[in-house]
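A.B. asks: Got a sequence here, can you build the structure:
(chains A, B and C)
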Amino acid sequence: MARGLLGKVLVRTEGGCDTVLRINEVEAYLGIGDPACHTFQGRRTPRTETMWGEAGMAYVYLVYGVHHCLNVVTVGPGQPEAVLIRGATVMDGHDLVRSRRAPGVEEGRLTDGPGKLCQALAVTRDLDGIDLCGPQSDLRICDDGFRVLDERTLQTPRVGVDYAGEAASWPLRYVSDSRV
DNA sequence: TCTAGGATCGGCT
DNA sequence: GCCGATCCTAGAT
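C.D. replies: Numbering: from 1, shown residues only, chains lettered A, B, ... in the order given. Here you go, the predicted model:
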C-alpha cells in the first residue's frame, strides 16, 4: 500500500480552491505488531480510533504539540494499520501553499516533511476520519495515471522511531525520485 | 489528577 | 548540527 501511494495525487479543497500535490515519500506502520505504531499491542484510544475503522480514511494526529501528521488507514476494521504521508511536490495551488507556509521558505522545502505538508494543505485534526476516496471530500487521493517505477524507489528505515527497538530498522520508508 | 515524552520544524551557531 | 517551541496523549497513581 505504501509503495502504491507513491505518485498518487493528493487534493485539498478549502474555501472553493484546490491544492494539488503528488506524493513522493511515505512510511508504513504495521499495526498491533509494530512497536513504532500508535496501535502497537492493540492500543485503542480516542486518538487512534480512526485507525481501527475503515480503510481509506485519513488518520490525522498532532506531534510534539506543534505539527500535524497525515496518514491513510490501509487495511480495515480491526486491523489498525496506516501509511504516513511524509512528502510531496506541489502540482497546483502553489500560491495557496505559499500563503499557508511561513514566508521565505525555499521552493523545494514547502512540502518535504509530514508537518510541512499538513501546514501547506491546511490539514488539522478536524479532518481526522475524512474519506480520502470520496470524490466530494475536502481531502482526497486520486490516480492520474502517473506511475513510479520500483527501481526509482528508495527504501530505508523510518524516521524518528528510535524508541521502537528492532522495528526502528525495518525498511518501511519509501521515497520516489519524482521529487525532482 | 499528574507527568513524561513525542511518526517535527525552523532558527541559530 | 543543535536546540527550543508547545500541548496533547497515554499511562501511572
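
A.B. asks: which bits of chain A sit near DNA strand C?
C.D. replies: For chain A, the contact set with DNA strand C under Cβ under 7 Å from any atom of the strand comprises A:38, A:43, A:45-48, A:61-62, A:64-66, A:125. Where C-beta positions appear, they are placed from N, C-alpha and C, glycine not excepted.

A.B. asks: What about residue A:56, how many residues nearby?
C.D. replies: Using other Cβ atoms under 10 Å, residue A:56 has 17 neighbouring residues.

A.B. asks: got the buried residues for stretch A:35-55?
C.D. replies: A:36-40, A:48, A:50-52, A:55 (16 or more other Cβ atoms under 10 Å).

A.B. asks: about what we covered before: narrow the residues of chain A next to DNA strand C to those in strands?
C.D. replies: Within the residues of chain A next to DNA strand C, residues falling in strands by DSSP state E are A:61-62.

A.B. asks: how about TSV for the residues of chain A next to DNA strand C, with pLDDT added?
C.D. replies: Formatted as TSV, the residues of chain A next to DNA strand C follow (pLDDT from 0 to 100):
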residue	pLDDT
A:38	95
A:43	92
A:45	91
A:46	90
A:47	92
A:48	95
A:61	95
A:62	94
A:64	92
A:65	90
A:66	92
A:125	93
